[in-house]
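Undergrad: Make a model of this:
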Amino acid sequence: MKTIIGLEVHVELDTDTKLFCSCTNKGKDPNDSCCEICLGMPGSKPVLNKKALNYALRICLALKCNIAKQVIFSRKTYFYPDMAKNYQITQYEIPVGSGGSITINNKEINLTRIHLEEDPAALIHQGSSTLIDYNRSGHPLIEIVTEPEIESPEEAREFLKKLITTLNYLGIFDEKNGIIKADANISMQGSERVEIKNITGFKEIERALNYEVLRQQEMIKQGQKIKRETRGWDSDKGITSFQRSKEQEEDYGYILDSDLVPIDLTEDYLKEIKKDIPELAHEKIQKYIKNYNIKKEDAEVIASEYLLADLFEKVAKKINPELAAKWLRRELMRVVSYNKLDLHDLEIDETHLIELLELIEKKQITEQVGQRIIEQLIEKPFSPKEYVKKQGIKVVSSDKELEEICKKAISENKKAVDDYKKGNEKSIQFIAGQVMRATKGQAEPHKVQEILKKLLK
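TA: Residues are numbered from 1 along each chain as shown. From the prediction side, this is the model:
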């Protein structure tokens, strides 16, 4: 059975103030960041946040959408405690952007529309009571709606990863503190579609889709008819449950918002927005392969993380790009993953990495020592050069000095020497280990092997 998925992704824009008023988006205590506008009091007049509009246009242009000639807002009527004025200001008739696409795994996922809207308040359920925090009411959102072209939960995850990467490059979303949530429309080919509402977080979106795919497939196998409905996702139980019959768009009674006048989007205005669009991930991949001569897989991993790409470009100005790519993609990310950290959490900067990689590049320390140092750099920043000098752990590079240490290891490990001479090749590894211990890991392993084999002849 072919799975058909369409996503409606809501992304909180990283502005300082709300979409239609000057209240801060950073309220700390419940309801401490509200005014007559975001509470919908009679006579209050909304004013569009220009920065939010610029951010929405930035993502539309980056994804090659068709841009509307005017920005027009509508009122989406519904009665629920999370919207005090009983309607949500959104875009319906004319979205700010239409069309466009995101490419994943050589497959193009087309977009239906991108539009601006305000976030409702947060409902906090406590036992039999529900509290309302209006701090979130009015936060600026963009809604990115895809065509029903996603064919699996895995593809949905890849789409969202690519979207987040683009948002980070554009600097319009705070990945650490911002909210991203999705409504998912999912169906089996030939059956009615089901909507799952307000799934928050990448993992939860994939979990919810996996559950719903299996649920619908099982229903079809048992000969049951799937009805068009809205379901909610329970992350604790790992199931979706019925909420209500699916509304049609007409049910919301959209009307144009008379308090917000249309805004013309001129060519000159759009040109100014385009100037703020940086080089995006897919462009960096091609640049890294062509200009830095690094492997495609390394380029893709580095470019997929905005902070990692920024760090790589700074380091590659001073260090061989292939060495920089290897250490940032493998060693830095290994340590970040092991410590269950995020790149945003790191205090490490390019100067420390450049120092460390210069020591490795000039063979002043071994890669093993470099690995130990980068593990410590994650915990707190320090100068690798000063650390190596203070600890006295530079590579033993003198052949004469290393030969003396090898001779001593041979004389102290006669059994291993005898075993090696009898044909046990692995025994030389034991002797080499003694040399590395004696040099505190500061000898080049391949050079140790060469000297030992020469002496043991």
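Undergrad: Where does pLDDT dip in the protein?
TA: Where the chain drops to pLDDT under 70, the residues are 246-251, 394-398.
Undergrad: what's the longest helix in it?
TA: helix 202-221 (DSSP state H).
Undergrad: by how many degrees do the helix or strand that comes right after that helix and helix 202-221 diverge?
TA: Counting by DSSP states H and E, the next helix or strand C-terminal to helix 202-221 is strand 229-234. On the basis of axes from the mean of the first three to the mean of the last three CA atoms, to 10 degrees, strand 229-234 is oriented at 130 degrees to helix 202-221.
Undergrad: list the helices and strands strand 229-234 packs on?
TA: Secondary-structure packing of strand 229-234 (3 or more CB pairs under 8 Å, 6 or more residues apart in numbering; DSSP states H and E): strand 194-200, helix 202-221, strand 239-245. C-beta: built from backbone N, CA, C; applies to glycine.
Undergrad: let's go with 10 Å and repeat that
TA: Identification of packing neighbours for strand 229-234 by 3 or more CB pairs under 10 Å, 6 or more residues apart in numbering; DSSP states H and E yields strand 180-188, strand 194-200, helix 202-221, strand 239-245.
Undergrad: how about the third one: buried residues?
TA: Along helix 202-221, these residues count as buried under the neighbour rule (16 or more other CB atoms under 10 Å): 204-209, 211-213, 215-216.
Undergrad: Direction included, what does the longest strand anywhere in the chain pair up with?
TA: The strand of greatest length in the chain, counted in residues with DSSP state E as the criterion, is given as strand 107-118. Looking at strand 107-118 with DSSP bridges, its partner strands are strand 97-98 (antiparallel), strand 101-104 (antiparallel), strand 140-146 (antiparallel).
Undergrad: Could I have the CA atoms of stretch 52-66 written out in CSV?
TA: What follows is the C-alpha trace of stretch 52-66 in CSV, where atoms were taken according to Å, rounded to 0.1, in the frame of the first residue of the first chain:
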residue,chain,number,x,y,z
ALA,A,52,8.9,38.9,10.6
LEU,A,53,7.8,39.8,7.1
ASN,A,54,11.4,40.0,6.0
TYR,A,55,12.2,36.6,7.5
ALA,A,56,9.2,35.1,5.8
LEU,A,57,10.3,36.6,2.4
ARG,A,58,13.8,35.3,3.0
ILE,A,59,12.7,31.6,3.3
CYS,A,60,10.3,32.1,0.3
LEU,A,61,13.1,33.4,-1.9
ALA,A,62,15.6,30.8,-0.7
LEU,A,63,13.1,28.0,-1.6
LYS,A,64,12.4,29.6,-5.0
CYS,A,65,8.7,30.3,-4.2
ASN,A,66,6.6,32.7,-6.3
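Undergrad: so can I have TSV of the buried residues of helix 202-221 showing distance to residue 445?
TA: Shown next, in TSV, are these (distance: CB to CB, whole Å):
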residue	distance to residue 445
204	46
205	46
206	43
207	45
208	50
209	48
211	50
212	53
213	50
215	55
216	56
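Undergrad: out of those residues, who's nearest residue 48?
TA: The nearest member of these to residue 48, counting by CB to CB, is residue 205 at 29.7 Å.
Undergrad: doesn't residue 160 make contact with that closest one?
TA: Yes: contact between residue 205 and residue 160 holds when scored by CB atoms under 10 Å: they sit 6.6 Å apart.
Undergrad: overlap in contacts of these two?
TA: Residues touching both residue 205 and residue 160 comprise 7, 9, 180, 182, with contact defined as CB atoms under 10 Å, 6 or more residues apart in numbering.
Undergrad: and those as a markdown table, adding distance to residue 429 and neighbour count?
TA: Rendered in a markdown table, the data for these read as follows (distance: CB to CB, whole Å; neighbours: other CB atoms under 10 Å):
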| residue | distance to residue 429 | neighbour count |
| --- | --- | --- |
| 7 | 54 | 25 |
| 9 | 54 | 22 |
| 180 | 50 | 19 |
| 182 | 53 | 26 |
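Undergrad: closest to residue 80 among these?
TA: residue 182 (19.5 Å).
Undergrad: which residue packs closest to that closest one, ignoring adjacent ones?
TA: Across the structure, with CB to CB, 6 or more residues apart in numbering as the measure, the residue nearest residue 182 apart from its sequence neighbours is residue 9 (4.8 Å).
Undergrad: does that neighbour count as helix, strand or coil?
TA: When the structure is split into helix, strand and coil by DSSP: H, G, I helix; E, B strand; the rest coil, residue 9 lands in strand.
Undergrad: Only the buried residues of the longest strand of the chain, if you could.
TA: Counting neighbours by 16+ other CB under 10 Å, strand 107-118 gives 109, 111-118 as buried.
Undergrad: Double-check residue 428 against residue 450; I have them as touching.
TA: No: assessed by CB under 10 Å, residue 428 is found out of contact with residue 450, at 11.0 Å.
Undergrad: how close does residue 382 sit to residue 78?
TA: Separation of residue 382 from residue 78 (CB to CB, to the nearest Å) stands at 56 Å.
Undergrad: now swap in residue 353 and tell me
TA: 52 Å.
Undergrad: Per the annotation, how does the chain divide into domains?
TA: 3-178+247-273, 279-391, 399-456 (automatic domain parsing).
Undergrad: Adding distance to residue 231, write those domains out as a markdown table.
TA: A markdown table is the format used below for those (distance: least, CB to CB, whole Å):
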| stretch | distance to residue 231 |
| --- | --- |
| domain 3-178+247-273 | 13 |
| domain 279-391 | 31 |
| domain 399-456 | 58 |
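Undergrad: Identify whichever of those lies nearest to residue 223.
TA: domain 3-178+247-273 (19.2 Å).
Undergrad: Any idea how far that closest one is from the middle of the chain?
TA: 19 Å (CA atoms, centre = their mean, to the nearest Å).
Undergrad: Numbering from 162 from now on, please.
TA: Yes, from this point I'll number from 162; that puts the last item at domain 164-339+408-434.
Undergrad: Look at it and report the distance between its end residues.
TA: From the first residue to the last, domain 164-339+408-434 extends over 38 Å; the measure is CA to CA, to the nearest Å.
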